[in-house]
Each structure stands twice: as C-alpha cells, then as structure tokens.
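[1] Need a 3D model of the following:
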Amino acid sequence: WQSGQDTAMEDSYGEADIVPEDMKSLRACLSCSLIKTEDQFLRNGCDNCEQWLEIAESYENVKECTSANFKGMAAIMDPKGRDNHGSWVGSWLRLDGLKPGVYALSVTGRLSDEIIAKLKAGGSAAINRDRSTVAAS
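    Residues are numbered from 1 along each chain as shown. The predicted structure is shown next:
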C-alpha cells in the first residue's frame, strides 16, 4: 500500500497509509494499538495519537511510544459502523472513535508517566492495551 495510489480502499475511506506496507518491522502504538511499520510511524506518526505522542520524524519517540511485542491483529476498516453503532470488535478492543486501520489485540509495554500525563491533559484516555495477563479467579 503506497500513499497516493488510487485504490478502492483509499477512495472509500479517504485514508492512505492506514495498512502496514509489509510484515517486517511491525510495531503497535502503546496508546491506541494501531499497527504500522517502524518506517510508517517514523514518516507519518500515529494516525490517532500524533498530537500527543509526536512520533513522526523522531526515532526515539517511535521506540518509546510503540512496541514490537504485540499479539494478534484486527483490521477495523469502518470503526463507526455503517449504522453509526460501531464495530463490535472495535468496541471490544476499545477503539471507538479511532481511525480505520490494523490494530493489535494486545500490546506489551507501557507509556512513560510523562506521556500518560500529556494524553490525559489533552483529553485522551490512557488505556492499558496489554491483555496478556488475565486475573486468576
């Protein structure tokens, strides 16, 4: 998938660069769990969190705010749903209101306290995306 290509997906959603370009060097955003290649994050940042995380053009922020350690993938191409009730998968993953894309089911890692404070100050929830630990009953 290359930015600027005239494709049905880009025409339908008005989005480019929402799907990982290849399966190498994939990373997931620690804030929203969007999956992109390391190069895509470096070039364009996170489609959902860029205003807080400032990932674009900062290799250090890409490493600090994304993780290569994630499990599973879900392609959410219409997060709001055609009837505006949202995707049940998107709701289960707590992706309501986010942009179309490929999202991790679970992301291992944690944002720094400073970045979490910046997210909260900007009105964005800091959601723990790590579902790898299940409470014992």
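[2] could I have stretch 115-128 exported to PDB, CA atoms only?
    What follows is stretch 115-128, C-alpha atoms only, in PDB (Å, rounded to 0.1, in the frame of the first residue of the first chain):
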ATOM      1  CA  ILE A 115       3.400  10.800  28.200                       C
ATOM      2  CA  ILE A 116       0.400   9.500  30.100                       C
ATOM      3  CA  ALA A 117       0.000  12.900  31.800                       C
ATOM      4  CA  LYS A 118       0.200  14.600  28.300                       C
ATOM      5  CA  LEU A 119      -2.500  12.300  27.000                       C
ATOM      6  CA  LYS A 120      -4.800  13.000  29.900                       C
ATOM      7  CA  ALA A 121      -4.200  16.700  29.700                       C
ATOM      8  CA  GLY A 122      -5.200  16.600  26.100                       C
ATOM      9  CA  GLY A 123      -8.400  14.800  26.900                       C
ATOM     10  CA  SER A 124      -7.300  11.400  25.600                       C
ATOM     11  CA  ALA A 125      -7.700   8.300  27.800                       C
ATOM     12  CA  ALA A 126      -4.600   6.400  28.600                       C
ATOM     13  CA  ILE A 127      -5.800   2.800  28.100                       C
ATOM     14  CA  ASN A 128      -3.600  -0.100  29.000                       C
END
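[3] so how far is that stretch from its chain's centroid?
    15 Å (CA atoms, centre = their mean, to the nearest Å).
[4] Pull out the buried residues from that stretch.
    Residues 115-116, 118-119, 124, 126 are the ones in stretch 115-128 that count as buried (16 or more other CB atoms under 10 Å). The C-beta positions use only the backbone N, C-alpha and C, and glycine is treated the same way.
[5] Can you tell me how far residue 28 is from residue 123?
    For residue 28, the distance to residue 123 equals 22 Å [CB to CB, to the nearest Å].
[6] can you check residue 44 too?
    22 Å.
[7] The residue positioned nearest the centre of the chain bridge partners, please.
    Of all residues in the chain, the one closest to the mean position by CA atoms, centre = their mean is residue 34, 1.7 Å from it. Beta-bridge pairing for residue 34 (DSSP bridges): residue 103.
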